[in-house]
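Have a look at this fold, sequence not included:
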C-alpha cells in the first residue's frame, strides 16, 4: 500500500496538547478534492483551544495531484476507517513532541460513522467526539431508501419529466419506485461489488461495503459525545434512534436537534460555533 498522506497543524506555545482528528464527508468521482480544505475550515477553532489538528487524505489524492482511478478503486467507508486507524497507531508509536496522548474526533456526514467507530475503538484515549450530520443508528440500506423517498418527494416534477423523455435513462440515474424494487437492486449490488458500475453517484463497491459496515457498540463509548442533526435532514429519524440507544447504554451524549436545519451544517456557522462552545466546556470539565 502507498504511504498515507495526512496534514498536521499544531498550536503554538503549548506545552501539552491533544490532537483532533477530522473526518470529512463523502465524495463522488466528479467531485474529488483534497481534504486540506476541510482541514483549514475548522483549524482556527481548534488552535484557539490549544488543540492540534490532523486530517487524512483518501487514496489517490495528494494536494492538487489526484489519481481518479486509484481513488475510485479504494473509496469505501472501511478503507477510510482503516487508514485512520493506521495513522493513530503510527502516532502512538511515534508521538509528536508535546502530544499528551489524547484524541478528539470530529466527523461530518460520511465522516460521522467513521469517527463514531474510532471513538468506540479508542475510547480510553478519547476526550470528546463531535458528530455533525452523521450520527445514525439505521443501516445504510435503510438510510439510503429514506433518502431516495425524500428525493422522489422533493423532485417529483423532475422525475415525471424524465419519464416523459423519449430517451433511455441510464439505470444508475433511476430512482426505484417501490421498496421491493429497491431491495432487489441492493441485493444485486451486494453480489456485484464493482467499481465500474454506479448507483446514486457511488460505485457498487462503495455501497456493498457501506451495507456491511458494523453496528455500533454504544456501551463501549464512554466519553462525551455531541450529536448535531437537522430536523429537515432525510436521516433525522436515524439520528433520533442513535441518541435514544446511546442514552439507553449510558453514554454521555448531548443532542443538538436543529429544527430549521437540513443536512448541510456548513451553512450554519451559529451551530458550528455552538458545537465548539460545547467542546470548550467539555474539555474544561475533564481537567
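Sure thing, it's come through. Values in this document were obtained by computation on a predicted structure and should not be read as measured data.

So which residues of the stretch 1-150 of the chain form helices?
Taking DSSP state H, counting those that start in this stretch as the test, the helices found in the stretch 1-150 of the chain are 36-48, 68-74, 77-93, 111-121, 140-154.

Show me what the fourth one packs onto, helices and strands only.
Meaning helix 111-121. strand 17-23, helix 77-93, strand 99-108, strand 126-132 (3 or more C-beta pairs under 8 Å, 6 or more residues apart in numbering; DSSP states H and E). For glycine as for every other residue, the C-beta is placed from the backbone atoms N, C-alpha and C.

most packed of those?
Among those, strand 126-132 has the highest mean neighbour count (mean count of other C-beta atoms under 10 Å), at a mean of 26.

That strand relative to helix 36-48, how many degrees between them?
With axes from the mean of the first three to the mean of the last three C-alpha atoms, to 10 degrees as the basis, strand 126-132 and helix 36-48 are set at 130 degrees to each other.

For the remainder of this discussion, apply numbering that starts at 35.
New numbering, starting at 35: the last item is strand 160-166.

which helices and strands sit right next to strand 160-166?
The contact analysis (3+ C-beta pairs under 8 Å, 6+ apart) places strand 160-166 against strand 133-142, helix 145-155, strand 259-264, helix 303-320.

deepest of the helices of the stretch 35-184 of the chain, which one?
Most buried of the helices of the stretch 35-184 of the chain, by mean neighbour count (mean count of other C-beta under 10 Å): helix 145-155, with a mean of 24.

Could you point out which residue ranges in the stretch 85-234 of the chain have low pLDDT?
Applying pLDDT under 70 to the stretch 85-234 of the chain flags the ranges 189-208.

Mind pulling up the pLDDT for the closest residue to residue 292 other than its chain neighbours?
Spatially, and ignoring its direct neighbours in sequence, residue 292 is nearest to residue 264 (5.1 Å; C-beta to C-beta, 6 or more residues apart in numbering). pLDDT for residue 264: 97.

before we move on, what about the one 10 residues further on?
The pLDDT attached to residue 274 in the predicted structure is 98.

In contact with it, which residues?
Neighbouring residues of residue 274 by C-beta atoms under 8 Å, 6 or more residues apart in numbering: 263, 291.

again, but for the one 5 residues further on
Taking C-beta under 8 Å, 6+ apart as the criterion, residue 279 is in contact with 171, 252.

That one should be in a strand, yeah?
No. Going by DSSP: H, G, I helix; E, B strand; the rest coil, the assignment for residue 279 is helix, not a strand.

Grab the nearest non-local neighbour of residue 58.
That would be residue 72: by C-beta to C-beta, 6+ apart, it lies 4.0 Å from residue 58.

Quick one: residues contacting that neighbour.
56, 58, 89, 142.

Turn the helices and strands packed on strand 160-166 into a markdown table, columns for distance to residue 66.
Listed next are the helices and strands packed on strand 160-166 as a markdown table, based on distance: least, C-beta to C-beta, whole Å:
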| stretch | distance to residue 66 |
| --- | --- |
| strand 133-142 | 17 |
| helix 145-155 | 16 |
| strand 259-264 | 26 |
| helix 303-320 | 24 |
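
Residue 238: which of the ones you listed is closest?
When the helices and strands packed on strand 160-166 are compared by C-beta to C-beta, helix 145-155 sits nearest residue 238, at 19.2 Å.

so how far is residue 210 from the nearest residue to residue 113 once chain neighbours are set aside?
Nearest non-adjacent residue to residue 113, counting by C-beta to C-beta, 6+ apart: residue 93, 7.0 Å away. To residue 210, residue 93 is 30 Å away according to C-beta to C-beta, to the nearest Å.

Neighbour count for these two, which is higher?
Counted by other C-beta atoms under 10 Å, residue 93 and residue 210 do not tie: residue 93 has more neighbours, with 20 against 17.

Is the more buried one in contact with residue 105, as I believe?
Yes. Residue 93 is within contact range of residue 105, at 5.8 Å (criterion: C-beta atoms under 8 Å).

For the residue nearest the centre of the chain, give me its contacts.
Against the mean C-alpha coordinate of the chain, by C-alpha atoms, centre = their mean, the closest residue is residue 145 at 1.5 Å. Counting by C-beta under 8 Å, 6+ apart, residue 145 touches 56, 57, 58, 59, 168.

gap between the residue lying closest to the second one once chain neighbours are set aside and residue 151?
With sequence-adjacent residues excluded and distances taken as C-beta to C-beta, 6+ apart, residue 57 is closest to residue 145, at 3.3 Å. Between residue 145 and residue 151 the distance, using C-beta to C-beta, works out to 11 Å.

I am finished for the moment; much appreciated.
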